[in-house]
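> Test case, fold it:
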Amino acid sequence: VQLQASGGGSVQAGGSLRLSCAASGRTFSRYLMGWFRLAPGKERELVGTINESGSSTTYTGSVKGRFTISRDNAKNTVYLQMNSLKPEDTAVYYCAAKVRGGTWSAVDYWGQGTLVTVSS
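The predicted structure is shown next:
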């Protein structure tokens, strides 16, 4: 599986962005999908996850109520809708795929990062 992330950019605080992650191959629906972010001077953070069907999502506390993960298995794409953005959301965002089992410390596939910059 190859993952291609897009949609990053610069936005003012309070604004919105939608990231997309397109996957190659015909097995996309087998994978749990996640979004990570890496900010300067900080450790990589798991922002949120979505299960194979899209019926269940999880989020880290700092983005709950502001970010929404969704997926379209027909389009082999997962999305991260980010609303009410804050400067502390500034980071490189990565999508990731893993099969069920284990933890998100063991990702099967990574996308390339897309930079999100939020100015105050």
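> check contacts around the residue nearest the centre of the chain.
When Cα atoms, centre = their mean is applied to the chain, the residue found nearest the centroid is residue 35 (2.5 Å). Residues in contact with residue 35 (Cβ atoms under 8 Å, 6 or more residues apart in numbering) are 19, 21, 46-49, 69, 78, 80, 93-96. Quick note: C-beta positions are derived from backbone N, CA and C, even for glycine.
> Buried ones in the particular helix or strand that has it in it, by neighbour count?
According to DSSP states H and E, residue 35 maps onto strand 32-38. Of all the residues in strand 32-38, those buried under the rule 16 or more other Cβ atoms under 10 Å are 32, 33, 34, 35, 36, 37.
> after that strand, next one along is what?
Downstream of strand 32-38, the next assigned helix or strand under DSSP H and E is strand 45-50.
> Tell me, how many residues neighbour residue 2?
For residue 2, the neighbour count with other Cβ atoms under 10 Å is 12.
> go on, residue 19?
24.
> what do you get for the one 10 residues further on?
Residues near residue 29, counting by other Cβ under 10 Å, number 13.
> hmm, back to that, partners of the residue nearest to the centre of the chain in the sheet?
Counting by DSSP bridges, residue 35 is bridged to residue 48, residue 95.
> re earlier: now the contacts of residue 35 as a markdown table including pLDDT and distance to residue 102?
Shown next, in a markdown table, are the contacts of residue 35 (pLDDT from 0 to 100; distance: Cβ to Cβ, whole Å):
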| residue | pLDDT | distance to residue 102 |
| --- | --- | --- |
| 19 | 98 | 24 |
| 21 | 98 | 20 |
| 46 | 98 | 13 |
| 47 | 98 | 19 |
| 48 | 98 | 18 |
| 49 | 98 | 13 |
| 69 | 98 | 19 |
| 78 | 98 | 19 |
| 80 | 98 | 22 |
| 93 | 98 | 22 |
| 94 | 98 | 18 |
| 95 | 98 | 18 |
| 96 | 98 | 13 |
